[in-house]
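1. Just the structure for this:
(2 chains)
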Amino acid sequence: MLSLFMEKDGKMLIDLKRKPSVFTVFSVLLLLVFTSCATGANENIYKAYQDFILIKTQTGDTLSSLAQKHLSDPSAGWIIAEFNQIKEVTPGLNLIIPTASFKRGGLTAKGLQVVPILAYNNFSKSMGDRNSVSEDFFEDQMRYLRDNGYQVIGLDQLLDFMEFKKPLPEKSVAITIDNGWRTTYDIAYPILKKYGFKATLFIYTDFIGNKKGLEWDHLLELSKNGFDIQSQGKTNRDLTKPDKEDTFRTYYKTLEKELSYSKQVLQEKLKKECAYLAYPYGAGNNLTIALAQKYGYRAAFTTQRGSNPFFTNPYLINRATVNGDDNLAKFKGYLTVFQNKEL
Amino acid sequence: MMNVKTLNFCLIFILFLFIGGCAELQKSTLYYDNRIPLSRRYQARALEYEKINEPQLALYYYKIAYTFYPQNKDLEKKLNELKQKNLNEAEKHFQLGMVAYKNNESESAKKEFLITLRYYSEHKEAARYLKQLSAAPVYSSYTVQKEDTFKKISQDAYRSAKLDFFIAEYNDLDAKTRPNPGQTIKIPVVETKFIDLEPPPKIQIKTEETKPKKEIRGIDIEKELADARNFFALNDFANSLTVCEKILKFDPANTEAIELKNLANLQIGISLTNAKNYFQAIKVLNKVDSGFPGLDPAIANVKIGMIQEAETHYLTGVIHFNNKKYRSAILEWAKALTYNPNHQKAKEDITKARKLIKD
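-> Numbers count the residues shown, from 1 in each chain, chains lettered A, B, ... in the order given. Here you go, the predicted structure:
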């Protein structure tokens, strides 16, 4: 407030020793009135209770902005929509924002929510083969997800759901792409961008900079644009199978290097936490799980088919590999989001 | 220049504007004007959820309805009743889950724990057991004893002293030093085939022989073994065990089936120990071949758990005794003795309490 009374050169704008003029007093008080009332009008919280907040929406509010403001998570707009049975926000709505646990674990009387995770490998411009999905087929799949109301989530959201901390939209699905083929950038990335989806890339670090692999510049760009870059080890060797020449010591040292080196390199280069591991060839065992835990991975992913309920072992999370010779009907079969079970 | 009267007038006028304006703003809020209709709206929604058996959502909406209209006594009563009903149902299903869990009926246990969480999502024990049923521990915890070295621990755990470095490194310790007595360390579960890894001899005799498919009296051993391995990898130890037992009926010397059977029993035993079901754990662990890697620490953990459980019951008994509830005290001490038959104080105090009851 002091600055109100000071000019830039430090000279007093209002001489406090002199009695103020009617105009000055009136102006200052009027300013106070407007400021306080303007603050009141902008503050759209009516009341915050233990389990919810009651608000009145204003111009410019969206589900995402309200979720960011009140739930500290812009992706949680669906909670506000579902709780208030609305599809979008218009000004002047009285809304309840639930702040306590709401539908955690996706449990209902008829069953429980399960989350499908799609695993892609390579992509091709024209006809795909078993290991690479063609550009057109990938676009068909992404279009299908968008047109049918699927919400593409990130792995942090998935793990919050699995740790029984936060709920997920009913039709949640995660997209992962393994290995780090250059086609991920050239073919999959533009399509994902077109549909507004983000994916998680599991990279084995020895492949970075390879003729057919992604470069660090690609990874940095993808990471900057919200794609999650995570580890698939260093060399892409099957972690459950020791080499013929291995003793336990050499096998253990190899596993240690595969899991710790890749994590460290990705973190250093991308300046983001690497918390997830995809087992090369989708295979993990007790020892790899024990080491993944030791090196601070929050979860690890297999290629065992099936959607995941919240209580899935976080170090053996299922993923459905999408093959190039699949068709859309088969793809739809990978998208189970609910398990019937009388509860 | 401004005279005092004019200044006062201005101040009062502005204050009036300020209070009046903001009060008007507050007044227009739905909290003051619409709270009863709002309460009714959310009460109706609560009823809908109650009808379709969604107890937590129903409770949530009743809470909202009540918050808007706390003077409504019927609503208060309904809210409290539903809260209590949800808690009771949750506890009932949790107990059912525990019974199924103790009987190794994992699917039934899972279902009951899920129902528990449907009634009360804050039930931490139900969530913990549910996780435990899906994720077998990949290591056991072990308290270092006075005479322990890493080599000795490795020998006891894996039947091989060679993994001393592994235990030390897994716990961020130095294998060259002695572990501190009393310290708790993690001993990862490792399959025997990895422990015994040896590089093949340099000179190998080339043989044209192909391994014949092992098929005994209509049972495809390789297929059954693959099933047992898959069940094990999926942490479905009970089914892995069943398949192994089937194989062993036909081929009692099948080393892989024996190994898997031991591993499955060991894992089930560890899970039961973690669930504090010590008697069942001992029963299962006794089925594991003596000297099998990981067995000794697993049994040691059961014993430690039983001693701790005995102590808990003993102390509960002491509280009852101090409150002159002698019969309850005797019951607790008797429980302590089932966990630790050598609990001398429990024995003595039972005699003391019985005497006091007679007197």
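
2. so who does the residue in the stretch 151-300 of chain B that chain A sits nearest to touch?
-> Nearest to chain A, among the residues of the stretch 151-300 of chain B, is B:Pro188, at 4.0 Å (Cβ to the nearest Cβ). C-betas here are computed from N, CA, C, even on glycine. Applying Cβ atoms under 8 Å, 6 or more residues apart in numbering or on different chains to B:Pro188 gives the contacts A:Asn286, A:Leu287, A:Ala290, B:Val138, B:Tyr139, B:Phe166, B:Tyr170.

3. Recalculate using a threshold of 6 Å.
-> Contacts here follow Cβ atoms under 6 Å, 6 or more residues apart in numbering or on different chains; on that basis B:Pro188 touches A:Ala290, B:Val138, B:Tyr139, B:Tyr170.

4. A:Lys125 now?
-> Taking Cβ under 6 Å, 6+ apart, we find A:Lys125 in contact with A:Glu135.

5. cool, and the one 4 residues further on?
-> By Cβ under 6 Å, 6+ apart, the contact set of A:Asp129 is A:Gly324.

6. if we go to 7 Å?
-> Residues near A:Asp129 by Cβ atoms under 7 Å, 6 or more residues apart in numbering or on different chains: A:Gly324, A:Asp325.

7. That one and A:Asp326, how far apart?
-> Per Cβ to Cβ, to the nearest Å, A:Asp129 is found 12 Å from A:Asp326.

8. so where's the chain shaky on pLDDT?
-> No chain was given, so I picked chain A. When residues are selected by pLDDT under 70, those of chain A lie in A:1-48.

9. um, chain B though
-> For chain B (pLDDT under 70), the answer is B:1-4, B:7, B:9-33, B:199-218.

10. got the residue ranges for the helices in the stretch 251-359 of chain B?
-> Taking DSSP state H, counting those that start in this stretch to define them, one finds helices in the stretch 251-359 of chain B at B:255-274, B:278-285, B:295-322, B:326-339, B:344-358.

11. Span of stretch A:98-110 from start to end?
-> The first and last residues of stretch A:98-110 sit 23 Å apart, counting by Cα to Cα, to the nearest Å.

12. now stretch A:104-112
-> 10 Å.

13. to the chain's geometric centre, what's the distance from it?
-> Relative to the chain's own centre, stretch A:104-112 is displaced by 22 Å; criterion: Cα atoms, centre = their mean, to the nearest Å.

14. A:Leu155 is nearest to which of the helices of the stretch 251-359 of chain B?
-> helix B:255-274 (27.2 Å; Cβ to Cβ).

15. Let me know whether that closest one sits next to chain A.
-> No - applying Cβ under 7 Å from any Cβ of the partner chain, one finds helix B:255-274 separated from chain A by no less than 9.0 Å.

16. same for that helix, what does it pack against?
-> helix B:221-233, helix B:237-250, helix B:278-285, helix B:295-322 (3 or more Cβ pairs under 7 Å, 6 or more residues apart in numbering or on different chains; DSSP states H and E).

17. Try it again at 8 Å.
-> If you count contacts as 3 or more Cβ pairs under 8 Å, 6 or more residues apart in numbering or on different chains; DSSP states H and E, helix B:255-274 packs onto helix B:124-134, helix B:221-233, helix B:237-250, helix B:278-285, helix B:295-322.

18. Show the contacting residues for residue 280.
-> In the absence of a named chain, chain A is used. A:Pro280 is in contact with A:Tyr204, A:Gln232, A:Gly233, A:Asn236, A:Arg237, A:Asp238, A:Leu239, counting by Cβ under 8 Å, 6+ apart.

19. meant chain B actually
-> B:Gln280 makes contact with B:Lys102, B:Asn104, B:Leu272, according to Cβ under 8 Å, 6+ apart.
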